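In: Got a predicted structure here, sequence first:
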Amino acid sequence: MGRWYHGDINGKYWFAVQGTSCMESYGAKELGCEATFACCGCSVHNKNGDPYMFETDDSCFGLPDKIYCWNCYDSYEEHIAEIKEENGMESETENTYYIDQEIHYSMNQDDFEEYALPFIKKHRCLWERFVEKIEFSDCVEYDVTFKKELEKETISIIADLCMLKQIQHYFKESGEYQCDWVGEY
């Protein structure tokens with residue numbers, strides 16, 4: 001149970017504490033959701049090869065009518081026919097794609113320094129009071145050890161600090177300017 005995130009950083013959102021968009025308060029930008037073609041599983045891309053990105057509540061914003069996977073099918077009608085065959089002929093769908101249940105996020109170093117670093121500095125004493133250590137694995141997951149049980153009013157702060165320190169670690173170790181991840185919602 002719980003929701004995960006993966007990409008340049010990997011991990012699990014703290015259950016009942018962190019929302020998928022928790023890093024937006026610290027400079028992360030929501031890029032939206034991608035779409036996937038039904039049956040073949042290919043990502044929906046535009047003619048330039050870029051993925052279509054959707055707001056989480058959009059269903060087909062920006063997609064042309066009767067879009068189909070041109071890598072796997074010769075026509076929209078052929079793609080729809082396979083979807084109907086797979087789902088049963090009574091299916092009345094006209095969509096050849098679905099919106100993924102993941103949201104793409106990105107944070108660059110400038111935004112991290114402007115928004116996240118002050119939060120980390122502001123809560124340094126709280127971190128030192130409750131956290132014994134935080135360790136990072138090769139795939140940029142973290143494991144945190146606490147000195148004592150967290151107090152109710154500090155849990156969300158510590159959860160966000162852990163993820164921010166994970167992003168900070170990624171910037172330091174990778175030398176990259178931008179950190180990207182995808183979170184389940």
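Out: Everything's here; your move. Worth saying up front: this structure is predicted, and the values here are computed from it rather than measured.

In: where do the helices sit along this structure?
Out: 76-87, 109-111, 117-122, 124-130, 155-174 (DSSP state H).

In: Minimum distance to R3: which of those helices has it?
Out: With CB to CB, the closest approach to R3 among those belongs to helix 155-174: 12.6 Å. In short, each C-beta sits where N, CA and C put it, glycine included.

In: Mind listing what's buried along the closest one?
Out: Along helix 155-174, the positions that meet the burial threshold by neighbour count (16 or more other CB atoms under 10 Å) are 156-171.

In: same for the lowest-mean-pLDDT helix or strand in the chain, what does it pack against?
Out: Using mean pLDDT, DSSP states H and E, strand 97-99 stands out as the lowest-scoring helix or strand of the chain, at a mean of 83. With contacts taken as 3 or more CB pairs under 8 Å, 6 or more residues apart in numbering; DSSP states H and E, strand 97-99 sits against strand 35-37.

In: Tell me how far the strand it packs on lies from the chain's centre.
Out: Its chain's C-alpha centre and that of strand 35-37 lie 16 Å apart, by CA atoms, centre = their mean, to the nearest Å.

In: Give me the contacts around it.
Out: Contacts to strand 35-37, defined as CB atoms under 8 Å, 6 or more residues apart in numbering, come from residues 42-44, 51-52, 54, 63, 68-69, 72, 79, 96-100.

In: ok, of those residues, which one's closest to R124?
Out: Here the nearest of the contacts of strand 35-37 to R124, counting by CB to CB, is D100; it sits at 37.3 Å.

In: residues touching that closest one, list them.
Out: The contact partners of D100, by CB under 8 Å, 6+ apart, come to 33-36.

In: what do you get if the cut-off is 6 Å, keeping everything else the same?
Out: Counting by CB atoms under 6 Å, 6 or more residues apart in numbering, D100 touches 33-34, 36.

In: Serialize those residues to a markdown table and add fields for distance to G27 and neighbour count.
Out: Supplementary listing: the contacts of D100 in a markdown table, determined by distance: CB to CB, whole Å; neighbours: other CB atoms under 10 Å:
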| residue | distance to G27 | neighbour count |
| --- | --- | --- |
| C33 | 20 | 22 |
| E34 | 22 | 19 |
| T36 | 29 | 17 |
